[in-house]
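Undergrad: need the 3D shape of this:
(one chain, ligands or ions: 1)
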Amino acid sequence: MNEAIHVRGLRVWAHVGVYEQERLHGQWFEIAFSLGADLAATARSDDLSQGYDYGRGIAVLQAQARTIRCQTLEHYSERILDRLEECYGPIPLAVELSKCRVPVPGFNGSVAVSRRRRWG
Ligand SMILES: Nc1nc2c(c(=O)[nH]1)N=C([C@H](O)[C@@H](O)CO)CN2
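TA: The predicted structure follows:
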C-alpha cells in the first residue's frame with residue numbers, strides 16, 4: 001500500500017471482555033486504524049470531498065464503542081472493520097486494537113490484536 005491515512009490513539013471506553021465484570025463495568029481501549037487510499041486527488045485539489053474524511057471514521061468508532069458488547073478483542077476488531085467498511089466502502093483497511101489495562105494478575109502491560117482487510 002503506497003499511500004494511506006493513519007489514525008492513532010483513539011481511546012474509547014467499551015464493554016468488551018471475556019470476564020463478565022469487564023463487560024459489566026467497561027474499560028479503556030485504544031484504536032489505531034489505517035485507510036489504504038490514493039491521496040493524490042485531495043492532495044492536488046485541497047478538497048476533502050475528493051478523498052476520505054478520517055473524522056467520519058473516528059466518529060463512527062466512538063459511537064460503536066458506546067453500544068458494543070462482546071467478549072474478545074478479535075471480535076471487536078472485526079466489528080471495527082465492518083464499521084469502517086460501511087463508512088468508506090471496500091478499500092484496504094487495517095486496525096490495531098489494544099486493551100489498555102489487562103486484568104491478568106501480575107501483568108501491567110497492554111495487549112493488542114492487529115487485523116487487515118484487502119491490505120497488500
Ligand atoms: N485471544 C484473546 N485472549 C484473551 C482475550 C481476548 O480478547 N483475546 N481476553 C481475555 C480477557 O478478556 C482478558 O482481558 C483477561 O484475561 C483473556 N484472553
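Undergrad: spatially, what comes nearest to Gln21 if we skip its sequence neighbours?
TA: Take Gln21 and drop its neighbours on the chain: the residue closest to it by CB to CB, 6 or more residues apart in numbering is Pro103, 7.8 Å away. C-beta: built from backbone N, CA, C; applies to glycine.
Undergrad: against the ligand, how distant is the one you found?
TA: Here Pro103 is placed at a distance of 5 Å from the ligand (CB to the nearest ligand atom, to the nearest Å).
Undergrad: which helix or strand contains Val18?
TA: Under the assignment given by DSSP states H and E, Val18 is not contained in any helix or strand.
Undergrad: might one say that it is in contact with Cys70?
TA: No - using CB atoms under 8 Å as the test, Val18 is too far from Cys70 to be in contact (9.7 Å).
Undergrad: between those two, which one's more packed in?
TA: Neighbour comparison, Val18 and Cys70: the larger count goes to Cys70, with 16 against 11 (by other CB atoms under 10 Å).
Undergrad: surely that one and Val16 touch.
TA: Yes - taking contact to mean CB under 8 Å, the distance of 5.5 Å between Cys70 and Val16 places them in contact.
Undergrad: between those two, which contacts overlap?
TA: With contacts taken as CB atoms under 8 Å, 6 or more residues apart in numbering, the residues that reach both Cys70 and Val16 are Arg23, Tyr76.
Undergrad: who touches the spatially closest residue to Gly36 that is not a sequence neighbour in this structure?
TA: Nearest residue to Gly36 in three dimensions, chain neighbours excluded: Pro92, at 3.0 Å (CB to CB, 6+ apart). With contacts defined as CB under 8 Å, 6+ apart, the neighbours of Pro92 are Met1, Ala4, Leu35, Gly36, Ala37, Arg116, Arg117, Arg118, Trp119, Gly120.
Undergrad: you'd agree Ala14 is up against His75?
TA: No - applying CB under 8 Å as the test, Ala14 and His75 come out as separate, 11.7 Å apart.
Undergrad: what about these two, which has more around it?
TA: Set side by side, Ala14 and His75 show unequal neighbour counts under other CB under 10 Å, the larger going to Ala14 at 23 against 13.
Undergrad: name the SS class of that one, please.
TA: Three-state secondary structure (criterion: DSSP: H, G, I helix; E, B strand; the rest coil) places Ala14 in strand.
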